[in-house]
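> Return a 3D structure for these sequence lines:
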Amino acid sequence: MGDKMLAGLQLMVFGMGMVYVFLIIMICCMKLMSKIIAPIAAKQKAAEDAAKAAVKKSAPASSDDTALVAAAVAAVAARR
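The predicted structure is shown next:
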């Protein structure tokens, strides 16, 4: 019975060790992806801000625009 307990304990330690190693690798990969994606996200946010600023400069929102936006939102909601 002692051999089976020892084998079970070894298997448990090995399994927990593998999970720990996998989690460390996953965290490292996530940090690496974050560093890779951050400049791309910053460029996209800057482009979106510039587009929003251009739209605000070109035409102020009127009641017709508000009604058009409301109709578009209602159509999308009805479609879903």
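
> What strand or helix carries Met16?
Per DSSP states H and E, Met16 falls inside helix 2-58.

> next one: stretch 50-60 to chain centre, how far?
Its chain's C-alpha centre and that of stretch 50-60 lie 28 Å apart, by C-alpha atoms, centre = their mean, to the nearest Å.

> residue closest to the middle of this structure?
A centroid search over the chain (C-alpha atoms, centre = their mean) returns Ser34, at 10.1 Å, as the residue closest to the centre.

> roughly how far apart are it and Ile40?
Ser34 sits 11 Å away from Ile40, going by C-beta to C-beta, to the nearest Å. Where you see a C-beta, it was placed from the backbone N, CA and C, and this is true even at glycine.

> again, but for Gly8
If you go by C-beta to C-beta, the gap between Gly8 and Ile40 works out to 48 Å.

> and what of Met16?
Between Met16 and Ile40 the computed distance is 37 Å (C-beta to C-beta).
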